[in-house]
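Chemist: Build the 3D model from these lines:
(chains A and B)
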Amino acid sequence: MCPEVRETEDHEVEFVTFHVKDSFLGVDTGKVREIISDMNMTEVPHAPSHVRGIMNLRGEIVTVIDLSVKLGHGPTEITPETCHVVLAGEEPVALLVDRIGDVVRDAASGIEPPPVNVTQAEAELFEGVLKRENELLTLLRVDEVLRVEESKDQMSVLAP
Amino acid sequence: MSFADDEIMQEFVTEALEHLGDVQNQLLTIEEQGADFDRGVVDTVFRAMHTIKGAAGMLGLETINRLAHQLEDVLNRIRGGDLIPTSEVVDALLQGSDVLNGMVSDIDNSADVDISGPLGLLAAVMECEGPQSAESAEPEGESATEEETPVEEVPPESTDEASAETEPEEKSAAEPKAAPAKSGEAPSPREGGEAPVETSLRVNVMLIEQLMRLAGELVLSRNQLLQAVTSMDTMALQKTSQHVDLITSELQGVIMCTRLQPIGKVFSKFPRVVRDLSKSMRKKVNLDVQGSEVELDKTIIEAIGDPLTHLIRNSLDHGIETPAERLAKGKPETGQVKLNAYHEAGQVCIQIMDDGAGIDPERLKQKAIEKGMFTLDRLEEMPTREIFNLIFHPGFSTAKRVTDVSGRGVGMDVVKTNLTRIGGVIDLQSEVDKGTTVTVKLPLTLAIIPSLIVRAGKDRFAIPQVNVSELVRICAEDVGKRIEQVHGAEVLRLRGSLLPLVRLRRLLWDEPMYYDPVTQEARPDRRLRDADRRSGQPVTEEIREKRTGETDRRHSVVSAMNIIVVTAGSIQFGMIVDSLSDSEEIVVKALGRHLKRCNCFAGSTIMGDGQVALILDVAGVAKRADLLRVGEKLEKAAAEAWEDAEGEKISILLFNNAESETFAVPLGLVSRIEKIGKDEAEIVNDRRVLQYRGKSVPLISLERHISAKPRVEGADYFVIVFEIRGRELGLISSKIQDVREVLAQFDAATFRERGISGSLILDGVTVRLIEIFELAELAEPSLFKAQGPQVVADGTDPKVILLAEDSGFFRRHIKEQMEEVGYVVLDAEDGQAAWELLLENLPRIDVVVTDIEMPILNGLEFTRRIREDERTAHLPVVALSTLAGEGDIERGYRAGVNDYQIKLDRDRLFAAIATQISGGGAGKCAQR
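Modeler: Numbers count the residues shown, from 1 in each chain, chains lettered A, B, ... in the order given. Below you'll find the predicted structure:
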């Protein structure tokens, strides 16, 4: 059911967690390269609205995706707690999140499909929900989040 | 059949296999899509086959060549829409490509493979499906025999013959004359974007040693640096950081060197190509290669092989004539093709020159019109240079036949595209029967480019230096004057031409200010505000900025304007930036896939402080700014100006006498302007005179002769010097304002007096135009009395002038002057009216004076008509114009004009008329 989730030997799964607005989100640790708090970004004019900018990570150009925008909320406000979650992959991409959380381990069996009352668009972005003792961790479908939209044009184009 | 040397053969095999590897899947895709196939895919396969065909032909691999040729033909039919890629068709194609694959893999035995099977299949497919495949009917007959030429020969030839007769330009098969893409390997491989990349690199051991040494140094310096940091020894820190700096630069240099390879690597295969080709075409060609030692980045070397091969093949195929033709033209039997590489201005230039037939620009024009690419008008305006470069337009081809060597429609445009991809520029110049020269300019490397760093808003941007042609700074007080609006688009007057302007900050952020200048932070609600604006809420800031036409003052203390004049292809425009930073060598880094659609940017780079800056793509910026439309607007404005019945332009010099009054004189009449100290001129006999080079120049004060306010005495002033009747006269002016080109629409009534010919309103100010001859006559009557209006003094019939002039102002004015000296003037307001008037009054007319720019029938046409008609051919014609460039004058003389004069220069015009009448008059008498 969850092909993206890496299961450890004892059927435990491991997630890097973070907060975006009110959501508590998680990404498989295997998909995260590093987490940085340097907020030095360069904005790219006319970029799609969910692209917050680009940044220099030791000589590599990283595209920063504003997860909050991607999830349908407004742009993330930069605070001292704001972080970049740099994802592993051929092309360096980072997710801009409000606050980073702990690394969470849990049994894979605790994962359930996203509830039916989330919107279709959101459901595509979610792998499932992990029930924790006192909270629910929503698991992100990273490939979907990073998918480049072709038709849905979110560009801030203001053609005269 | 001669086998080429191993290296070339090996290269062919590698490349062909690469192509064939993709072909299978591509064919399957085509099949899947059926009639709605993706043309791009078919093109790719087609080019792959084409490449293989060409290269095989060149290497003497006849069987491969034949099969590939047949495959290509079928694909071409599909591409042209004549054949639907049904599964049978694709089956045949697949089978053909399989056999081809087998042959290429075992190249040594390829000649012995029986290809009749696939050939037959392909021919059959062409026959049954092709609507007009009558000619290709026979092939299947001999499909059994192996050596038979028909299969492979017939289809191609029949296609081109058929189409050559009917509509040569139609078929995708035709190839550009200079450009036939065909070279075997030319267009394809790099086309798809996945160029075969060499995975290993040969590097001189010396370089490796150097790298080792530098690496050692670097480690040492690092240790020192760490030590210095630990001990907080500032001196040592400074020293070591300096050292690290040096080593890094050196390291960079050496590493770049490892990527450099001599261009000879590419050039070395051309002698062979030329030899084999010239043999097969029965031409005699000598190839002269120079500059093989010039080095270029590996990626560039890899990418230029195909385009260059293509260009050389073109030279041979379409440039160099057959020996017989050459002899007939008086050229040596052996044609010359020169291949030359050299460094120029930080770039590498490669020239391919041939002394062949050249390209006829007229044919190119004709072709462009046939293809509906341009209108005749557009082409007429195009400089020859641009006409030649039409060849690079997609789908443009001029060759009449399809040959094995050059191809069918994948032409020079592909060459250009491939070169552009690696930052190259191509230019073609040609002269009929003299030859053609193609120049390719390439950057030394793609990884590091010199750039100009500019600021717009809070961010820095890099503009590749190759795009920058100049920097213009306009100081604050001149902004309003030099930046103008044409139909809402901003333009800058730059040396007489109008340069469209783009405000970078506004272009990028759609609003003048998007960040808070105090905190230097982006406003988080920017997007929302964008939306607001879209919904119609005015942004006062922007409106204010528009109105004043100045940059935002809150943001820049100095509101001077920095304009970077950039060129991208044929577009030139000015980019207004907030400030200029520096010129730097930057390392280009690609943008991620999320940003692929931001076509304003070519990439990004990391600045010295670790911040990322975007690299502007000038062509993308132009596109985004809709400069095409601006260009059209400018053209339209210009056209409107011309269409206007009195739309002629004239350059005038604006000056003041009294501060509050502005006068103008036609610039063409001014000999020079002198600045005079307030006491320099002497007053002799109540008249001011200036001593100049031993002559005394009388000075005219305007207020003494016309109704003008007096100049304030006691300051330095200017003297505008004219030459009238062989003598110099000076007009006193307190201040020289400007030279302007204005529409010659003067009001000849309101301010008319002797010495003033008319007036116009310029920038809200009334400007009076001085009639310098009348003024001179008022001021220096002696000058005129001495020679007098002698023209018609001798009691005979007055001479009759036919005057054709569309501008009412000039017509009245010139007529008046003519009548004053005793001529009889018949006037008409365009060439047609003048022609009718001329025929009516034929016997009376002694001379025709005509304007050049006129509606209905212009002056040149009018003159031609006069020259062509027996009745009028003898009449002298004097042309008049406000614009008299060399070209205009030459065109005038070619049309049959006897003399060419500038309007408003009365002396010279009358002298010309007198000369023509005496000369022409003699002719007239003789005729009577």
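
Chemist: so where do the strands sit in the stretch 501-650 of chain B?
Modeler: B:515-516, B:521-522, B:561-568, B:571-577, B:579-587, B:601-606, B:612-616, B:649-656 (DSSP state E, counting those that start in this stretch).

Chemist: Need these in TSV (columns: mean pLDDT and distance to residue A:48).
Modeler: Placement of C-beta: from N, CA and C, glycine included. Output for the strands of the stretch 501-650 of chain B, formatted as TSV (pLDDT from 0 to 100; distance: least, C-beta to C-beta, whole Å):
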stretch	mean pLDDT	distance to residue A:48
strand B:515-516	42	20
strand B:521-522	44	16
strand B:561-568	86	25
strand B:571-577	85	24
strand B:579-587	84	25
strand B:601-606	86	13
strand B:612-616	90	15
strand B:649-656	81	48
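
Chemist: for chain A, what are the low-confidence residue spans?
Modeler: A:1-10, A:118-121, A:149-160 (pLDDT under 70).

Chemist: about what we covered before: could you export the strands of the stretch 501-650 of chain B as a markdown table, including mean neighbour count and distance to residue B:721?
Modeler: Formatted as a markdown table, the strands of the stretch 501-650 of chain B follow (neighbours: other C-beta atoms under 10 Å in any protein chain shown; distance: least, C-beta to C-beta, whole Å):
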| stretch | mean neighbour count | distance to residue B:721 |
| --- | --- | --- |
| strand B:515-516 | 14 | 56 |
| strand B:521-522 | 16 | 60 |
| strand B:561-568 | 21 | 35 |
| strand B:571-577 | 23 | 36 |
| strand B:579-587 | 14 | 41 |
| strand B:601-606 | 23 | 53 |
| strand B:612-616 | 24 | 48 |
| strand B:649-656 | 21 | 12 |
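
Chemist: Compare the ones you listed and report which one is nearest to residue A:16.
Modeler: strand B:612-616 (24.8 Å; C-beta to C-beta).

Chemist: who does that closest one touch, helix- and strand-wise?
Modeler: Judged by 3 or more C-beta pairs under 8 Å, 6 or more residues apart in numbering or on different chains; DSSP states H and E, strand B:612-616 is in contact with strand A:51-57, strand B:459-464, strand B:601-606.

Chemist: Distance to residue B:716 for the strands of the stretch 501-650 of chain B - can I get that in JSON lines?
Modeler: Formatted as JSON lines, the strands of the stretch 501-650 of chain B follow (distance: least, C-beta to C-beta, whole Å):
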{"stretch": "strand B:515-516", "distance to residue B:716": "49"}
{"stretch": "strand B:521-522", "distance to residue B:716": "54"}
{"stretch": "strand B:561-568", "distance to residue B:716": "31"}
{"stretch": "strand B:571-577", "distance to residue B:716": "36"}
{"stretch": "strand B:579-587", "distance to residue B:716": "36"}
{"stretch": "strand B:601-606", "distance to residue B:716": "53"}
{"stretch": "strand B:612-616", "distance to residue B:716": "47"}
{"stretch": "strand B:649-656", "distance to residue B:716": "14"}
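
Chemist: so which of these gets nearest residue B:370?
Modeler: Of the strands of the stretch 501-650 of chain B, nearest to residue B:370 by C-beta to C-beta is strand B:571-577, at 26.1 Å.

Chemist: how about the helices and strands packed on strand B:612-616, which one is nearest residue B:116?
Modeler: Nearest to residue B:116, of the helices and strands packed on strand B:612-616 and by C-beta to C-beta, is strand B:601-606 at 51.4 Å.

Chemist: can you dump the C-alpha coordinates of that closest one into PDB?
Modeler: Provided in PDB are the C-alpha atoms of strand B:601-606 (Å, rounded to 0.1, in the frame of the first residue of the first chain):
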ATOM      1  CA  PHE B 601      16.500  33.300 -17.600                       C
ATOM      2  CA  ALA B 602      19.300  31.200 -19.100                       C
ATOM      3  CA  GLY B 603      20.500  29.900 -15.800                       C
ATOM      4  CA  SER B 604      22.000  31.000 -12.600                       C
ATOM      5  CA  THR B 605      25.300  31.600 -11.000                       C
ATOM      6  CA  ILE B 606      26.800  31.900  -7.600                       C
END
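
Chemist: Briefly note if it comes near chain A.
Modeler: Yes. Strand B:601-606 is in contact with chain A by C-beta under 8 Å from any C-beta of the partner chain, via B:601, B:604, B:606.

Chemist: Quick one: end-to-end length of stretch B:655-663, please.
Modeler: Taking C-alpha to C-alpha, to the nearest Å as the measure, stretch B:655-663 stretches 5 Å from start to finish.

Chemist: residues of it that come out buried?
Modeler: B:655, B:656, B:657, B:661, B:662, B:663 (16 or more other C-beta atoms under 10 Å in any protein chain shown).

Chemist: Leaving out the residues flanking it, which one is nearest to residue B:831?
Modeler: Closest residue in space to residue B:831, ignoring its immediate chain neighbours: residue B:857 at 2.9 Å, by C-beta to C-beta, 6 or more residues apart in numbering or on different chains.

Chemist: Okay, and that neighbour sits in which element?
Modeler: Assigned by DSSP states H and E, residue B:857 belongs to neither a helix nor a strand.

Chemist: and if you look at the one 10 residues further on?
Modeler: Using DSSP H and E, the secondary-structure element containing residue B:867 is helix B:859-868.

Chemist: what does residue B:814 give?
Modeler: helix B:808-820.

Chemist: same thing with residue B:836?
Modeler: helix B:831-840.

Chemist: And for residue B:351?
Modeler: Residue B:351 belongs to strand B:347-354, assigned by DSSP H and E.

Chemist: So what touches that strand?
Modeler: B:263, B:291, B:294, B:296, B:304, B:308, B:311-312, B:315-316, B:319-320, B:335-343, B:435-444, B:466 (C-beta atoms under 8 Å, 6 or more residues apart in numbering or on different chains).

Chemist: ok, back up a step: partner strands of the next helix or strand after the helix holding residue B:867, parallel or antiparallel?
Modeler: Next along the chain after helix B:859-868, taking DSSP H and E as the criterion, comes strand B:877-881. Strand B:877-881 has the following strand partners under DSSP bridges: strand B:847-851 (parallel), strand B:899-902 (parallel).

Chemist: before we move on, the earlier item: select, out of the strands of the stretch 501-650 of chain B, the one closest to residue B:13.
Modeler: Closest approach to residue B:13 among the strands of the stretch 501-650 of chain B (C-beta to C-beta): strand B:601-606, 34.9 Å.

Chemist: so the closest one versus strand B:579-587, what angle?
Modeler: 80 degrees (axes from the mean of the first three to the mean of the last three C-alpha atoms, to 10 degrees).

Chemist: Would you tell me which of the strands of the stretch 501-650 of chain B gets closest to residue B:112?
Modeler: Closest of the strands of the stretch 501-650 of chain B to residue B:112 is strand B:601-606, at 50.8 Å (criterion: C-beta to C-beta).

Chemist: What number of residues are in the vicinity of residue A:139?
Modeler: 24 (other C-beta atoms under 10 Å in any protein chain shown).

Chemist: what angle sits between the helix holding residue B:814 and strand B:649-656?
Modeler: Using the same axes, to 10 degrees: helix B:808-820 against strand B:649-656 is 80 degrees.

Chemist: Which residues in helix B:808-820 does the neighbour count mark as buried?
Modeler: B:809, B:810, B:811, B:812, B:813, B:814, B:815, B:817, B:818.

Chemist: tell me which strands and helices that helix is in contact with?
Modeler: strand B:756-762, strand B:800-804, strand B:824-828, helix B:906-927.

Chemist: please redo it, this time with the cut-off set to 10 Å
Modeler: Counting contacts by 3 or more C-beta pairs under 10 Å, 6 or more residues apart in numbering or on different chains; DSSP states H and E, helix B:808-820 packs against strand B:756-762, helix B:772-779, strand B:800-804, strand B:824-828, strand B:847-851, helix B:906-927.

Chemist: Show the average pLDDT along the longest one.
Modeler: Yep, that's helix B:906-927 we're talking about. Mean pLDDT, helix B:906-927: 64.

Chemist: Pull the contacting residues for the residue nearest to residue B:831.
Modeler: B:804, B:830, B:831, B:832, B:833, B:834, B:835, B:850, B:864, B:865 (C-beta atoms under 10 Å, 6 or more residues apart in numbering or on different chains).
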